[in-house]
Each structure stands twice: as structure tokens, then as C-alpha cells.
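> I would like the atomic coordinates for the input below:
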Amino acid sequence: VVESYSYVYEMRARYNETNGQQGAFVVATNASFGVNQGNPDDYPIWGSMYDSLGQIGVLSAGATANANWNIDEVGDIPTAFDSDFLITVTNTTHDDEKYLPAGYGDTTIDLGAPGKSILSTRIGNSYGNKTGTSMSSPHVAGAVALLFAAANSSYMLSYQENLSELAFLIKHYILEGVDILPSLQGITVSDGRLNVYNAIELLLTPVLETSVDTITMTLVVNKMDSTNFNLTNTGTISLPYAINIGSLPQWLTINPDSGTLGAGETDIIHVYLNATGLTQGLYEAVLNAENIRGDQVNIQVNMTVIPASGITDDNVVAVMFDNFPNPFMDQTTIRFELVNPAVVHFDIFNAKGQHIRRVVEGRLGNGQHSVIWKGLDHYGNKVSPGIYYGRLKVNREMIIKKMIFLPG
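Numbers count the residues shown, from 1 in each chain. Down below sits the predicted model:
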């Protein structure tokens, strides 16, 4: 067994080292064999092969015992091995029930897959129906390969740089995408049966979002200002991220510029602008946020530098516009700052562009201003959760930012 896995390791390692000129792009192995009630401590080298393969980007599927045993208690080889890169499989029927003579385990057996009366190859160059976990496990190994085939180019480019991390994500999406079955609940890790469609949907759905698309600010020469935006991981697993600033302008800095977002978590990214020593005019940059999956979002940063004197009403603009919290549930505070007194309108629109409510109208003095929007429309009715856009109009300039209203 170790010799066989070593051959796979050698071929994939050679592929990685030669950039595909030699070796083979193996992404999955299958083990429809094993040792009933085996103790992992008795097979340390076999068990370590799964982690070794995982480090070079290979996942492995393993069939559990063809007996109604609790593998957590009696053991099994390979399905009692503890490895992030091994997917352990039991047998389900056409009726979506666990096949009675098939192993299970709340901590050892990951999921079920069809394994009763499966058409397969047979000895003697023929085909026939077979039953057993040995029929179930290949479905999962094939699903691994299919997910790699379905992955977009960004994912695969990131995979080349993060082999073990993104291989593990494939396993995560397979387990996260199962159909929950009563017969597997409480006796498998995922509580369900393989659903390749769901797994691919999880893989292909971007999970990195920002609260803004554009940051537009105006600074007086030699002044500094700051704002912030939210970076959110909408996925179901922690993911590292990094933010790069195109062209690395000296007038723009951010903090933090990297980190790890847990499932559903949000980081507040602070943006600092510095007009010290700059001449008047428009300065532009792009912030590129990317997670380890290869999901990317860009934020355009526009900074207009104006002279300290000679400001007229025509060039009065908003120095700052943001809202916090964002996303929000009950209410959000909209904040903006004016260089000079100006006529200001602030309106809320839904994702279809329909006008929802005007929350500010009139001439305001220079300085900082804030107003609270409680998620109400013109008539005082609560709007539906979703994406909305705030439009700040100051004289002839408009700034639009996205606001996310969450269900309460």
C-alpha cells in the first residue's frame, strides 16, 4: 500500500517540480481496500502517506468496513486514520438510507455515497452490478477530480501556490455540500450523502465582499483624512486575505493589509489619505483585496487635492462619506464632511435603482455631519433586507456607496 501511494506521490511531486513537463497531475486517490477493525497506531507509515499527499495537493478517498460497526469504537484501516486530506466514505442505497452492513462513525466517517447495485467493471473484461463501500468511495474520489475540473482559473492559480490549503478546501466543500440524510445524522461527520452539484456551487460562489466599490474624498493641500470600509467573508470556512495597492502611491495607506476572516466575519479596513506635499488635482489608485481562494474585489480610490485658499461654492465637495455599521440590521449612521457650506441631498435607492427615501436635504455648513437611517422608506415602512445604495449629492458632485441591510 505504501509503495503504491509513494508512486502517486512521486508522479505528482515531479509534476509540481517541473511545472507539468514530467509526472502526472494527480488530484485524488481511492482506497477500496483496508483492514477490518485495524488500529491506526499499527500502520503509522500508511497513515502518514495521506498527509504527505495532501501537502503536494492530493486528496484521498477511503472505503470503510462492510459491516454495521461503529468505527469510532472498533477502528478501521484506512477510515480511522486522522488526516485532513483523507475523505472517509460509507455506503448509501437508492432509497438514500445507510446500507445496513456498512460502517459508520460520528468522528471517523465523513459522508455517505451510493454503493448498492452500482454498475462497475468486473474480472474477465465485463461489467456487472456490485455492492459495498468499495463502490461508494470511488464516487467521492471522482467528485474530487470533478471539482478540480470545475474550479475557475483564479482558484487553480492560487492552488499552485497553496497546494495543501486549497486541496483541503475541496474536501470542505464536498462535506459542506452533502444532502442531509436522517439515516446518517449523528453517525457521520457531515450527516449526509455526497451531492456533487452542491459542492461545485460552493466552490464557484465568490465569498469575498466589500461594503464599498469606490472611495471618493477631497483634501486640502497638506491635510490628511481617513475613512474605512468592511471586508467580509461570506463563506463557511476561515480564509486568509491580502490587500494590495496598485502602483503603491505614497499618499495612500491601509490598515490592516492582510489577515484571516472566519466564516461570516468582517474586518474593518482603515484607509488613510495624505495630501502633504501634493499639488492640486485628482489622484487615483485601486485597492485589490484577494483571499486564498483567488476571489478578488477592487475598490477605486479617488482623492482630489484642492488649494487651501480660493475655495468657491462650485468646488465644494464631500471630504468623507461612509456609514457604520455596514452591513447593518436595525439602523446605520451615515457620516460625511464638507469642505465648505453647500446644498446637500442624501438619497437611498434599492438594487433596482428605485428611490426609497431622502434622508438629508438642504444647505449645510462646513464640517462633519451625520444622520441615521433606520431602514424605512418614504412612508415609514420597513424595507426588505438586501443591498441598497446611498447617494450623497453635493452641488454637482455625487458619491454612491453600497449599504447592506441584513434581516433582523
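
> okay, and the helix or strand of this structure with the least pLDDT?
One helix or strand of the chain scores below all others by mean pLDDT, DSSP states H and E: strand 318-324, with a mean of 70.

> next SSE after that one?
Proceeding N to C from strand 318-324, the next assigned helix or strand is strand 332-338, under DSSP states H and E.

> how much does the very next helix or strand once past that next one deviate in direction from strand 332-338?
For strand 332-338, the following helix or strand on the C-terminal side (DSSP H and E) is strand 342-350. Strand 342-350 and strand 332-338 are oriented at 150 degrees to each other (axes from the mean of the first three to the mean of the last three C-alpha atoms, to 10 degrees).

> so what does strand 342-350 touch, helix or strand wise?
Counting contacts by 3 or more C-beta pairs under 8 Å, 6 or more residues apart in numbering; DSSP states H and E, strand 342-350 is packed against strand 332-338, strand 355-364, strand 367-373, strand 386-394. (C-beta placed from N, C-alpha, C; glycine too.)

> Quick one: closest of the ones you listed to Val8.
Nearest of those to Val8, taken as C-beta to C-beta: strand 386-394 at 46.1 Å.

> circling back: let's have the helices and strands packed on strand 342-350 in a markdown table, adding mean pLDDT, distance to Thr214 and mean neighbour count.
Below are the helices and strands packed on strand 342-350 laid out as a markdown table (pLDDT from 0 to 100; distance: least, C-beta to C-beta, whole Å; neighbours: other C-beta atoms under 10 Å):
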| stretch | mean pLDDT | distance to Thr214 | mean neighbour count |
| --- | --- | --- | --- |
| strand 332-338 | 89 | 14 | 19 |
| strand 355-364 | 92 | 20 | 14 |
| strand 367-373 | 91 | 20 | 14 |
| strand 386-394 | 87 | 11 | 18 |
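
> I'd like those written out as JSON lines, with distance to Asn70 added.
Shown next, in JSON lines, are the helices and strands packed on strand 342-350 (distance: least, C-beta to C-beta, whole Å):
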{"stretch": "strand 332-338", "distance to Asn70": "51"}
{"stretch": "strand 355-364", "distance to Asn70": "56"}
{"stretch": "strand 367-373", "distance to Asn70": "55"}
{"stretch": "strand 386-394", "distance to Asn70": "46"}
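
> Any idea which of those gets closest to Val221?
Closest among the helices and strands packed on strand 342-350, using C-beta to C-beta: strand 332-338, at 16.6 Å.

> Quick check: neighbours of the closest one in the sheet, parallel or antiparallel?
strand 318-324 (antiparallel), strand 367-373 (antiparallel) (DSSP bridges).

> which one of these lies closest to Phe33?
Using C-beta to C-beta, the strands paired with strand 332-338 put strand 318-324 closest to Phe33, at 57.6 Å.

> SS state for Ala242?
strand (DSSP: H, G, I helix; E, B strand; the rest coil).

> Specify the beta-bridge partners of it.
Taking DSSP bridges as the rule, Ala242 bridges to Ser258, Glu290.

> That one: what's it in contact with?
Asp257, Ser258, Ala289, Glu290 (C-beta atoms under 8 Å, 6 or more residues apart in numbering).

> And these, which is closest to Ser384?
Nearest to Ser384, judged by C-beta to C-beta, of these is Ala289 at 27.8 Å.

> first to last residue in stretch 105-116, what's the distance?
19 Å (C-alpha to C-alpha, to the nearest Å).

> Pull out the buried residues from it.
Gly105, Thr108, Ile109, Asp110, Leu111, Gly112, Ala113, Pro114, Gly115, Lys116 (16 or more other C-beta atoms under 10 Å).

> Next: stretch 272-279.
Leu273, Asn274, Ala275, Leu278.

> contacting residues around it?
Contacts for stretch 272-279 (C-beta under 8 Å, 6+ apart): 217, 219-226, 250-255, 301, 303, 305.

> ok, 7 Å please
217, 219-226, 251-253, 303, 305 (C-beta atoms under 7 Å, 6 or more residues apart in numbering).

> If any of those are buried, give me the PyMOL selection for them.
Those of the contacts of stretch 272-279 that count as buried under 16+ other C-beta under 10 Å are selected in PyMOL with:
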select buried, resi 217+219+220+223+225+251+252+303+305
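
> which ones among the contacts of stretch 272-279 are found in strands?
Met217, Leu219, Val220, Met224, Asp225, Ser226, Leu252, Thr253, Met303, Val305 (DSSP state E).

> would a markdown table of those residues with distance to Ser60 and pLDDT be doable?
Formatted as a markdown table, those follow (distance: C-beta to C-beta, whole Å; pLDDT from 0 to 100):
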| residue | distance to Ser60 | pLDDT |
| --- | --- | --- |
| Met217 | 52 | 89 |
| Leu219 | 56 | 87 |
| Val220 | 62 | 86 |
| Met224 | 54 | 90 |
| Asp225 | 54 | 88 |
| Ser226 | 49 | 89 |
| Leu252 | 46 | 97 |
| Thr253 | 45 | 96 |
| Met303 | 52 | 93 |
| Val305 | 58 | 90 |
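
> which of these lies closest to Ser164?
Thr253 (32.5 Å).

> So what sits opposite the residue lying closest to the closest one once chain neighbours are set aside in the bridge?
With sequence-adjacent residues excluded and distances taken as C-beta to C-beta, 6 or more residues apart in numbering, Thr253 is closest to Tyr272, at 4.7 Å. Tyr272 has the following beta-bridge partners by DSSP bridges: Ser226, Thr253.
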